[in-house]
Structure formats: C-alpha cells, structure tokens
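# With the sequence up front, the predicted model follows.
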Amino acid sequence: MDNSLLVSLLQNIAILLSLSMIYDFSWLKNENSGITYKLLNGIIIGSFGVVLMLTTWTYEPGIVFDTRSILLTVAGLFFGIIPTVVAIIINAAFRIYMGGAGIYMGVVVIITSGAIGLIWNKIRPNWKSKNTYIELLIIGLIVHILMLASTFLLPAEAASRTFSIIALPVLTLYPIGTMLLGTLFMNYERNWQNKKIQDQILKSEQQFKELLKEINLISILLNKEGKLTFCNNYFLKISGYTDNEVIGKNWFDLAVPSPKNITLKTSYQTAISKGKALSNFEGSITTKNGDILSVSWHNVFIRDSDQQITGTACIGENITEKKHAEQEKILLANIVDASLNEIYITDTVTDKFSYLNQGALKNLGYKADIVSQIGLKDILANSEIEKVYSKLSSNSLNNKDFEVFETLHKRADGTIYPVEANVQKFESSNTVYHLAIVQDITQRKKYEKEIITAKQKAEESDKLKSIFLANMSHEIRTPMNAIVGFSGLLSDNELNLIDRQEYVNIINNASERLLQIINDIIDISKIDTKQMKINISRHFIHVILSRSIKTFRSNDILQSNIDLELITNLPSNIEDIVLETDQYRLQQVIENLVGNAIKNTPQGSIELGLIAYERHVCIYVKDTGVGIPPDKCEVIFERFRQLDEENFHEGAGLGLSICKGIIDLLGGKIRVESVVNKGSTFFIELPYKFESSESKHIKTSIHTQ
C-alpha cells in the first residue's frame with residue numbers, strides 16, 4: 001500500500017478521535033436538548049467531514065479517498081437523524097464543490113454511509129446490548145462493500161484500476177476503523193451511563209438519609225461501642241436534645257433509663273461480639289427534661305464489605321400514646337362496668353350475653369355467674385320479642401352506626417319496666433356482636449304523661465308566633481332594600497334633579513308598600529278563610545313591572561354577582577295592557593318570585609316577561625338556577641314547605657304559599673315548570689283588557705337589556 005495513503009489514514013484517524021471527544025464531553029450530556037443543539041452538532045460533524053476531505057489520499061486528480069464514510073456511519077449510529085442528515089448535506093455539498101471525476105462516487109458514499117448507520121439503528125434498536133464488536137464490524141463491511149461498488153461510478157478507464165488499488169485497505173482497514181471508532185463511542189456511552197447510575201445511587205442514598213431524618217419514627221445508628229453516629233430529626237424533636245448533645249455519646253448512658261441501661265448495654269456488647277441477632281423489643285427512653293417515652297424497637301446489624309459488624313441501625317416507634325390509650329381502655333372498662341346505665345354485649349350467633357355490666361345485673365336482678373346462661377329473650381317482655389328481633393335483623397342496623405328504640409325489659413322477678421336502647425353492631429375476632437346501652441326510662445315516661453298537654457299547647461303557640469315572625473321578615477325585606485338602597489343614592493351630590501326625583505319616587509313607593517304590608521300582615525293569615533281584603537282597581541301592567549324592575553336593579557345580591565343578569569322580555573304593546581287587580585299585591589308576588597330566583601341562581605340569567613293572550617296575560621319569571629324536582633313542584637306552594645327540607649334555609653316557607661293565596665284572590669292562577677340543575681319558570685295568569693288610546697296618560701319607561 002502506498003505510504004501516502006497510510007499517512008492520510010493516520011491523519012484521518014486523528015480527526016475522528018477528535019470527534020469522539022466532542023461526543024464524550026458534549027453530546028452525551030445534552031443529547032435530549034432541542035433541535036437547535038442537534039443542528040449545531042450536525043454542522044460540527046459536517047465540518048469534521050470537510051476536514052477529512054481536505055486530508056485525503058489522491059489517487060489521481062479528481063479521485064480522492066478519506067475516512068468520511070467511517071465518520072458518517074458512526075454519526076448515524078450514535079448521533080441520530082438530525083445531526084447525521086445535516087452532516088450528509090454539508091459533506092455532499094462540499095464534495096460537489098470539489099468536483100473531479102469521482103464526484104458521483106463521493107456523493108453516493110456520503111449518503112450511503114450515513115443512511116446505513118441510521119437504518120441500522122432503526123432495524124436493530126438493541127444492537128448495543130451484546131456482540132457490539134461484531135455488529136460494528138458487519139456495519140463497517142456493509143458500508144465499505146457499497147463504497148467499493150460505487151467505484152464503478154468513476155470513469156470507465158479509472159474504475160477497475162481504482163477498485164484494485166483500494167479494495168484491500170477499504171475491506172480491511174476501513175471496517176476495522178469503523179469498529180474501533182464505534183467501540184470508542186460505545187465506551188464513552190457506557191461510562192456516561194455508569195456515571196449517571198452512580199449519581200442516581202448517591203442521590204438515592206441521600207434521599208434515603210433525608211427520609212430517615214424526616215420520618216415520624218426514631219432512627220439512630222450506633223457503632224460497636226454503642227455510641228450514636230446518627231439520629232434523625234424526629235428523635236431530636238421528641239427528646240429535646242440537639243445534634244451536638246447526642247452525637248458521639250453512649251446511647252445507653254444518654255437515653256436508657258436506669259437501671260435498665262446497664263443490662264441493655266451488656267446485652268448489646270454480647271450481641272456485637274458474638275454476632276447474635278438483636279431482637280425486636282419494647283423499651284423506654286429518657287428525654288432531656290426527664291420524661292419517659294415508650295418505644296418499640298426494630299434492629300439490624302450494619303456490616304462492612306468484609307461482612308464484619310460495625311454497628312447497628314435501629315428504628316423505633318414512639319408508642320407512648322398507645323400505652324396511655326391501653327391504660328385508658330382499662331380505666332374505661334372499669335367505668336363501663338360501674339355505669340348505672342345497663343350495658344349488654346350479645347353474641348349474634350348464640351344469642352347469649354357475653355357481657356353485662358353491674359348496672360344491668362342490678363336492675364335485672366341477676367347474678368354475674370349466670371350471665372353466659374341467659375340471652376336477649378330472657379330479659380324482654382313477651383310482647384316485645386318479635387319487634388326487637390325484627391329491628392336487630394333489619395338492614396337498617398347494618399347501614400347505620402346505631403339503632404335507637406324503646407322497648408320493655410323484664411326483671412328476674414317478672415316485673416316489666418320501659419327502657420330506651422341504643423344498639424350497634426361490632427366485630428371482634430371474627431365474631432359479630434350487638435352492643436346495647438340501655439337506660440331505664442320509667443321516670444321519663446311518667447314525666448312525659450304529665451307534660452304532654454302543656455307541651456301541645458306550647459307547640460301550638462310557638463307555631464303561631466313562628467308564622468307571624470316569618471311572614472313579617474319575608475314581606476318587609478324587599479321594600480326595605482329599596483328604601484335603604486335608593487336613600488344611599490340620594491347622598492350623591494352629583495345626582496341630577498331628574499334622577500333624584502325618580503329615586504325619591506321609588507323610595508316613596510317602597511315606603512307606601514312597606515306600610516301597606518305591615519297593615520296587611522294580619523290579613524295574610526286570613527287567606528285560607530277568604531277574609532283577606534283585596535283592593536281591585538285598573539292599573540297599567542307596565543307601571544307595576546317597571547317598579548319591580550327598578551327595585552331589583554338595586555338588589556345587593558344581583559349587583560355583587562357579575563355572573564348573573566336580570567333581563568326583560570315584554571311585548572311591544574305593553575303600554576296598552578290594563579289589569580283590574582290589586583297592584584301592590586301583584587307587585588308583591590312578582591318581587592317575591594324574582595327575589596327567590598336571585599337567591600337560587602348563582603350564575604346565568606333571570607328573565608321577567610309577559611305574554612298577552614286573548615283573555616288573559618301570563619307574567620313569568622324564568623331563571624337558570626338549581627331547579628325543582630318534579631315531586632316538589634306542588635309541595636312548594638304549601639305553607640311552611642321548602643325545596644330542601646333536610647337542611648336549614650332562611651325563611652319560613654311561606655313565600656310561595658302567600659303568592660298562591662294572593663293570585664287565587666285576584667282571580668288568577670300560578671304554576672311552575674322546572675328541570676333540576678337547569679332552572680325554573682313560574683307563570684302567573686291574570687285576566688285583562690286593552691286600554692283605549694285616550695286613556696294612555698300614564699307613561700313609565702321600562703329598561704330592557
């Protein structure tokens with residue numbers, strides 16, 4: 001082989017080694033970086049290829065050879081698609097720029113070398129896991145066999161001569177060079193992976209140590225002499241010590257109460273010297289201020305690489321509170337036994353008593369030695385046995401924490417007395433029991449009979465008072481809101497005269513309405529007896545609606561809720577519609593419905609509208625609120641009923657019943673259509689007639705949105 005070729009190959013190898021340094025120091029640390037970084041590496045690899053093409057062996061002018069095929073093959077194997085493709089483009093462009101007779105061969109070699117590296121990674125993704133030397137050698141042979149095949153792209157007179165000259169080095173040195181460079185890259189990659197694994201191990205060890213520091217368990221390390229080499233924050237917290245006060249100190253002298261410390265120190269030294277396993281045990285430790293804590297210890301030996309014992313690792317659970325709980329349990333058992341209430345525990349399988357406290361034995365007249373011989377049937381009145389067993393066997397007891405009921409107990413002498421039983425199920429040692437806490441209610445029953453008449457009278461009086469107060473609160477709230485709201489607006493010095501007069505009118509109207517409501521509070525209670533006074537006269541419906549709308553425009557809830565809007569939907573001939581009605585009572589109903597809608601609509605809209613039919617008008621209030629279940633649509637118009645009767649809500653449940661009573665007296669109808677979680681629409685149907693044009697002298701603007 002020509003010496004110049006050998007020199008060129010050595011120079012090329014030096015350049016390739018420089019690329020491997022970049023792979024080691026840069027690419028492995030940042031291979032998951034963005035596309036910009038990958039493009040930059042592709043430019044660097046392409047630059048190395050250019051340098052290789054400038055350091056060549058020239059067979060004849062225009063026909064040059066170098067190790068760019070090795071470079072691009074390894075790039076495809078280790079750098080991925082983007083850097084390899086960029087490098088191929090740069091090298092191909094430079095080869096075309098160089099020109100000469102070998103231009104086609106050069107470009108083909110560049111493309112096939114990089115492509116084979118990429119394709120190999122695709123079809124054999126796990127090639128790095130084993131037999132990497134053979135894999136790299138095979139890849140090198142394939143690439144350079146194709147390189148030799150591409151010599152026939154040279155001019156015919158040079159193709160055969162070139163093939164014969166380069167065949168040997170291309171099929172020997174080039175595959176070996178590919179294998180060696182690839183192996184170098186593999187070693188770098190493995191070293192990097194090992195370093196990452198070591199870093200992860202160190203990080204895991206650090207995290208484990210930090211975990212030991214923060215867990216709510218005592219964690220300590222002792223050396224062979226029993227001196228503390230490590231303790232966690234939890235131990236320092238419960239003991240009151242600091243690190244400087246405990247590290248290096250003998251554990252048994254520091255934290256183990258006397259005289260147990262001497263015994264435990266001896267046992268520890270014996271276990272260390274003989275390699276005897278340390279047992280897990282419950283012990284005590286002394287805090288800095290002298291408190292004694294109970295601890296359950298779990299211990300293991302620490303050994304070095306030669307398996308020699310160097311100390312122990314101890315994890316302790318602070319069971320002081322558990323110990324106190326056990327003592328309290330014993331105390332509670334004594335209290336239960338001494339309780340004057342009767343306490344029974346019954347085996348649900350045998351139906352015999354497993355336990356009766358002293359209160360039960362005393363009241364029943366039985367002795368303790370026969371408890372296991374008697375059962376529930378022995379202490380129940382004959383008339384109560386079936387009822388009590390039905391309750392104990394029902395699903396309700398399984399689904400509830402407890403069942404409370406009254407029954408009759410029978411003493412040993414046959415006398416009967418009333419009791420209240422609080423019964424629940426519990427399981428212990430795979431056996432199900434009934435626990436019953438029973439109270440003798442003989443005196444209570446006597447008192448109940450004596451006060452039942454007085455109680456009924458008090459309830460009736462309280463009910464009447466509640467109705468009165470609820471009605472007053474419900475009916476006064478709306479006009480008071482208008483008075484307070486518009487009175488506050490009058491303090492605005494910049495308010496023009498027209499608006500000020502309008503606000504004064506609204507306040508006057510609300511005040512008059514409030515006075516009317518107060519005068520009519522007693523009359524509302526007479527709705528059911530048809531004694532309520534209704535003042536029927538002719539009124540323009542748009543005047544009534546206008547007042548209601550203006551009142552609710554100033555509603556605090558509506559103004560503070562930006563997700564809720566009040567809109568109107570009124571016909572174009574609204575000013576022609578005249579009702580013969582009580583305007584204040586009708587306005588009371590409308591404002592009640594709108595007020596309810598505001599309270600029950602967290603977001604969306606509330607629509608106040610009117611539809612004119614041939615003989616009646618339909619005023620409706622539509623909201624997008626919580627809605628009403630179908631079974632409640634009629635109930636809500638009854639007195640003292642609310643949508644959710646299981647929980648407390650403001651109001652006495654009179655609002656809608658008052659509305660219905662008023663509409664009935666006005667000769668109309670009220671109904672509701674609703675879908676749960678989508679909203680409700682309340683409809684008020686009232687008779688009306690059109691007003692003649694000459695009587696249209698009352699005008700009020702209605703603001704629409």
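Looks like it came in fine.
# Tell me which residues touch the residue of the chain positioned farthest from its centre, please.
Computed with C-alpha atoms, centre = their mean, the residue of the chain farthest from its C-alpha average is Glu157, at 78.8 Å. The neighbourhood of Glu157, defined by C-beta atoms under 8 Å, 6 or more residues apart in numbering, contains no residues. Glycine gets a C-beta too; all of them are placed from N, C-alpha and C.
# Kindly indicate whether it is helix, strand or coil.
Taken by DSSP: H, G, I helix; E, B strand; the rest coil, the conformation at Glu157 corresponds to helix.
# Quick check: pLDDT value at it.
At Glu157, the model reports a pLDDT of 75.
# Could you measure from it over to Leu586?
Per C-beta to C-beta, to the nearest Å, Glu157 is found 114 Å from Leu586.
# Same check on Ser129?
88 Å.
# Show me which of the two is the more surrounded one.
A count of neighbours by other C-beta atoms under 10 Å puts Leu586 above the other of Ser129 and Leu586, at 23 against 9.
# what's the spacing between the more buried one and Thr287?
78 Å.
# go on, Lys322?
Separation of Lys322 from Thr287 (C-beta to C-beta) stands at 17 Å.
# Could you do Ile88 as well?
In terms of C-beta to C-beta, Ile88 sits 73 Å off from Thr287.
# okay, those two: which has more neighbours?
A count of neighbours by other C-beta under 10 Å puts Ile88 above the other of Ile88 and Thr287, at 26 against 14.
# Now stretch 438-457: buried residues?
By 16 or more other C-beta atoms under 10 Å, the buried positions in stretch 438-457 come out as Val438, Gln439, Asp440.
# Now the last one: phi and psi?
Backbone geometry at Asp440, expressed as degrees, to the nearest 10, gives phi -70, psi 120.
# Then the first one?
When quoted as degrees, to the nearest 10, the phi and psi of Val438 stand at phi -120, psi 140.
# Does it touch Glu342 like I think?
Yes. Under the criterion of C-beta atoms under 8 Å, Val438 makes contact with Glu342 at 4.0 Å.
# Now the common contact residues for those two.
Ala360, His409, Val419.
# closest to Val336 among these?
Distance to Val336, by C-beta to C-beta, is smallest for Ala360 among the shared contacts of Val438 and Glu342, at 10.7 Å.
# Leaving out sequence neighbours, find the closest residue to the closest one.
Glu342 (3.7 Å; C-beta to C-beta, 6 or more residues apart in numbering).
# Tell me which residues of the helix or strand encompassing Ala360 come out buried.
With secondary structure defined by DSSP states H and E, Ala360 is part of helix 358-364. Residues Gly359, Ala360, Leu361, Asn363, Leu364 are the ones in helix 358-364 that count as buried (16+ other C-beta under 10 Å).
# what residues does the next helix or strand after that helix touch?
For helix 358-364, the following helix or strand on the C-terminal side (DSSP H and E) is helix 376-379. Applying C-beta under 8 Å, 6+ apart, the contact partners of helix 376-379 are Tyr344, Thr346, Asp351, Phe353, Leu364, Ile385, Val388, Tyr389, His409, Lys410.
# quick one: pLDDT of the second one?
Just to be clear, that refers to Thr346. pLDDT recorded at Thr346 is 86.
# these two touch, right, it and Ala436?
Yes. Taking C-beta under 8 Å as the definition, Thr346 is a contact partner of Ala436 at 7.1 Å.
# one step back: adding distance to Leu148 and pLDDT, write the buried residues of helix 358-364 out as CSV.
Converted to CSV, these look like this (distance: C-beta to C-beta, whole Å; pLDDT from 0 to 100):
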residue, distance to Leu148, pLDDT
Gly359, 107, 81
Ala360, 106, 83
Leu361, 109, 83
Asn363, 111, 83
Leu364, 110, 85
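# mind putting those residues in a markdown table, distance to Leu118 included?
A markdown table is the format used below for the buried residues of helix 358-364 (distance: C-beta to C-beta, whole Å):
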| residue | distance to Leu118 |
| --- | --- |
| Gly359 | 89 |
| Ala360 | 88 |
| Leu361 | 91 |
| Asn363 | 93 |
| Leu364 | 92 |
